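Student: Below: sequence and its predicted model.
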Amino acid sequence: MPDTCAPDAHRVDDTADPPRAVTTETLETPHVPQFEAEEEPTTLSMPIIGAASVVVVDEADTGSRSIEALTLSPRRAKLALFVLATAAFAASANEASIVALSQSIATGLAVPVASIGLVATAFALTVVAAATPLTLLTAKASKRVTLSVTMGVWTVGVLIAAMSQNLVQLTGGRIVSAAAHALFWALVAPTAASMFAPHLRARTVTRIMVGAAAAGVVGTPLVTFSGTSFGWHTPYWGLAILGAVLTASLALALPGHVSSRGHRNVQHTRGDVPSRRMFAKVLTVTFAATAGMSASWTYIVPFFTKQAGLDISSLPAVFALGGIVAVATTLAVAPFLARNVVQTVRVSLGLLAIAWALLAIASPWSAIAAEVLLAAGWAALLAALINWAMRHTPWRTDVGASTYTMAMNSGGALGPLVGAAIVAAWGTRALPLVSLGLTAAAAIVTTTIDARMLRRLRVPRRLRRAVQARFAMVEKRRAWTQRTRPIALRPRGRATSFTRGSVRARRALRRSVDPRRR
């Protein structure tokens, strides 16, 4: 999710990966002596935010599987899952490529590096603007057709970037791929989950997330190496070829349309605890936490080198360590999301707050410790926030996911602007304190959740639905009993219930009034 670039006065010479799937960066270009590196933004985006796809690990109904998915063999379902995970890897690698190659692209196109930040901003704004409309527009279309066409459009955008010879062409290619990127992440996790039995869905979606997180550990280093060794166009040509293969693979591997006549295709697409108030709180936490993360992460490399005293040659290893931690955290946090999603958000925000406090110390050991905690906290927070949002969305889950993505991208776009203002006024040393304040604000919002709602969220969704169904059946039986049993309180009602005709009704009424006639 690209963020807004810093002012033109701030030039970029290094780039850093996101905290969720961080890895090696574009550190190979030597510093230009006439620029002050301490105030240079080192990344203009936080990639892999788009990878926060719809991760609902506790399904509402144990019998909800699409008819299309029921036609898949286990081998084909696993193949389709692998293709979707590979597509997530490709989308995330393309998202991060503009950061990893920012200096090489700027040199190749003979433009300021800050102009490459505008390309990243265009990507972010396109994701924000396109996510919800495209999701609504394709709601009734087959997932196989939609995802195949989406990956095809994504490939066209990457191909335009690979052939671009000026900044306008590059921006156009990034905008096209950003629109497809937004729709892809709104569909990939629900599609993957629908192909497997409900008890396997947590594992299924986790594999999609691992594919996205692996882009930071494997994809970004490959993009950086190929871009610096063979030219910045080379990674985009490679991604375009991969996109063409994935387009064909999605069309072949995903289940096709099957007529549902005579069958009931149950689709549970709404939150199990829908609440506009709670959903607004989730969006507030998302926006504040993302703004706090992007404000400091934009300047993380000059902070590490100038404030913390780390050697620039050690930063690839530090970022690679963070990437490994992020992937491990993504795998480890999944079992806790079904019953303890709010607690997971609180713990994640706590880890981020500790990381910002350690970063403010500005020493080598505290910087490394902060990087590990940032990677773990951010990876856990991404997984927990989307689950929390899906539990409370008052609309369909795909619409809720699109709204959540807009909130996260908006926070990520505001963060660099805040960071640029802080750097201009007080320098990079003050950035961790600003991020700490925004993270604390997000944590305060989580304390306003009432205990009753927390208890409801701890109950597995399938059990809550079973209890609700039981109570509904009891109410139906009670209503049926009220309609069918004789009315004993009023004589006219009793007479009407047991006699036929007006004469018998009057006789029964007289008997009920005069006891001697009984």
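Tutor: Received it, and whenever you're ready, just let me know what you need. Here the structure is a predicted model, which is why all the values come from computation and not from measurement.

Student: what about the closest residue to residue 196 other than its chain neighbours, how many residues close to it?
Tutor: In this structure, residue 196 finds its nearest non-sequential neighbour in residue 204, 4.9 Å apart by C-beta to C-beta, 6 or more residues apart in numbering. All C-beta spots, glycine's among them, are computed from the backbone N, C-alpha and C. For residue 204, the count of nearby residues is 22 (other C-beta atoms under 10 Å).

Student: Show me where the stretch 101-250 of the chain dips below the pLDDT cut-off.
Tutor: Under the criterion pLDDT under 70, the flagged ranges of the stretch 101-250 of the chain are 113-114, 117, 198-202, 206.

Student: mind running it again at 90?
Tutor: Scanning the stretch 101-250 of the chain for pLDDT under 90 picks out the ranges 101-108, 110-144, 182-183, 185-229.

Student: rewinding a little: residues contacting the residue nearest to residue 196?
Tutor: Taking C-beta atoms under 8 Å, 6 or more residues apart in numbering, we find residue 204 in contact with 81, 192, 193, 195, 196.

Student: quick one: the second one and residue 83 touch, right?
Tutor: No - here residue 192 does not reach residue 83: they are 9.9 Å apart, not a contact under C-beta atoms under 8 Å.

Student: So for the two, which residue has more residues nearby?
Tutor: residue 192 (26 against 23).

Student: and the nearest residue to residue 400 once chain neighbours are set aside, how many residues sit next to it?
Tutor: Distances taken as C-beta to C-beta, 6+ apart place residue 393 nearest to residue 400, at 2.8 Å, with adjacent residues excluded. Under the neighbour criterion other C-beta under 10 Å, residue 393 is assigned a count of 28.

Student: what's the distance between residue 393 and residue 189?
Tutor: Using C-beta to C-beta, to the nearest Å, one obtains 14 Å as the distance from residue 393 to residue 189.

Student: Show only the entries of the contacts of residue 204 found in helices.
Tutor: Assigned to helices by DSSP state H, the following of those qualify: 81, 192, 193.

Student: Now tabulate the residues you listed in JSON lines and tack on distance to residue 148.
Tutor: Shown next, in JSON lines, are the ones in helices among the contacts of residue 204 (distance: C-beta to C-beta, whole Å):
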{"residue": "81", "distance to residue 148": "16"}
{"residue": "192", "distance to residue 148": "15"}
{"residue": "193", "distance to residue 148": "19"}
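
Student: From the chain's centre, how far out is the host helix or strand of residue 213? Work that out for me.
Tutor: Element membership of residue 213, judged by DSSP states H and E, is helix 201-214. How far helix 201-214 lies from its chain's middle: 12 Å, per C-alpha atoms, centre = their mean, to the nearest Å.

Student: quick thing: my sequence starts at 409, can you match it?
Tutor: Will do, 409 is the new start, and the previous item becomes helix 609-622.

Student: got the buried residues for the helix or strand following that helix?
Tutor: Using DSSP H and E, the helix or strand that follows helix 609-622 in sequence is helix 628-638. For helix 628-638, burial by neighbour count (16 or more other C-beta atoms under 10 Å) applies to 628, 629, 630, 631, 632, 634, 635, 636.

Student: for the residues you listed, which one is nearest residue 745?
Tutor: Nearest to residue 745, judged by C-beta to C-beta, of these is residue 628 at 26.3 Å.

Student: That closest one contacts residue 503, correct?
Tutor: No - counting by C-beta under 8 Å, residue 628 sits too far from residue 503 to count as a contact (10.0 Å).

Student: Would you map out the domains in the chain?
Tutor: Per automatic domain parsing, the domain ranges recorded for the chain read 445-665+676-857, 894-926.

Student: and residue 878, which of those domains is closest to it?
Tutor: domain 445-665+676-857 (14.6 Å).

Student: give me the element residue 581 is part of.
Tutor: Assessed by DSSP H and E, residue 581 sits inside helix 575-602.

Student: tilt between that helix and helix 609-622?
Tutor: 160 degrees (axes from the mean of the first three to the mean of the last three C-alpha atoms, to 10 degrees).

Student: Show me what helix 575-602 is packed against.
Tutor: Judged by 3 or more C-beta pairs under 8 Å, 6 or more residues apart in numbering; DSSP states H and E, helix 575-602 is in contact with helix 482-508, helix 510-517, helix 521-545, helix 551-571, helix 609-622, helix 805-834.

Student: hmm, try it at 6 Å
Tutor: helix 482-508, helix 521-545, helix 551-571, helix 609-622, helix 805-834 (3 or more C-beta pairs under 6 Å, 6 or more residues apart in numbering; DSSP states H and E).

Student: Which positions within the longest one qualify as buried?
Tutor: I take that to be helix 805-834. For helix 805-834, by 16+ other C-beta under 10 Å, it's 805-828, 830-831.

Student: Then the second one?
Tutor: Under the neighbour-count criterion of 16+ other C-beta under 10 Å, helix 521-545 has 521-536, 538-540, 542-543 buried.

Student: from the chain's centre, how far out does it sit?
Tutor: Relative to the centre of its chain, helix 521-545 is centred 16 Å away, using C-alpha atoms, centre = their mean.

Student: I'd like to know which elements that helix is packed against.
Tutor: The helices and strands touching helix 521-545, judged by 3+ C-beta pairs under 6 Å, 6+ apart, are helix 510-517, helix 575-602, helix 805-834.

Student: before we move on, the earlier item: am I right that the residue nearest to residue 808 is in contact with residue 807?
Tutor: No - contact between residue 801 and residue 807 fails when scored by C-beta atoms under 6 Å: they sit 7.3 Å apart.

Student: Now for residue 915, how many residues are close by?
Tutor: Neighbour tally, residue 915, other C-beta under 10 Å: 14.

Student: let me fix that: residue 500
Tutor: The burial count for residue 500: 28, using other C-beta under 10 Å.

Student: distance of the nearest residue to it once chain neighbours are set aside from residue 706?
Tutor: Using C-beta to C-beta, 6+ apart and skipping the chain neighbours, the partner closest in space to residue 500 is residue 623 (3.5 Å). Distance, residue 623 to residue 706, using C-beta to C-beta: 20 Å.

Student: These two - which one has more neighbours?
Tutor: residue 706 (35 against 29).

Student: So the more buried one sits against residue 825, correct?
Tutor: No - assessed by C-beta under 6 Å, residue 706 is found out of contact with residue 825, at 9.5 Å.

Student: wait, residue 631 sits on residue 506?
Tutor: No - between residue 631 and residue 506 there is no contact under C-beta under 6 Å: 9.9 Å.

Student: So residue 772 sits against residue 717, correct?
Tutor: Yes - taking C-beta under 6 Å as the definition, residue 772 is a contact partner of residue 717 at 5.4 Å.

Student: Those two: which is more packed in?
Tutor: residue 772 (14 against 11).

Student: Might you report the residue contacts of that one?
Tutor: Neighbouring residues of residue 772 by C-beta atoms under 6 Å, 6 or more residues apart in numbering: 716, 717, 718.

Student: Just put those residues in a markdown table and tack on secondary structure, pLDDT and distance to residue 752.
Tutor: Listed next are those as a markdown table, based on DSSP: H, G, I helix; E, B strand; the rest coil; pLDDT from 0 to 100; distance: C-beta to C-beta, whole Å:
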| residue | secondary structure | pLDDT | distance to residue 752 |
| --- | --- | --- | --- |
| 716 | coil | 88 | 29 |
| 717 | coil | 88 | 34 |
| 718 | coil | 86 | 30 |
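
Student: which one of the buried residues of helix 628-638 sits closest to residue 700?
Tutor: Using C-beta to C-beta, residue 628 comes nearest to residue 700 of the buried residues of helix 628-638, at 22.8 Å.
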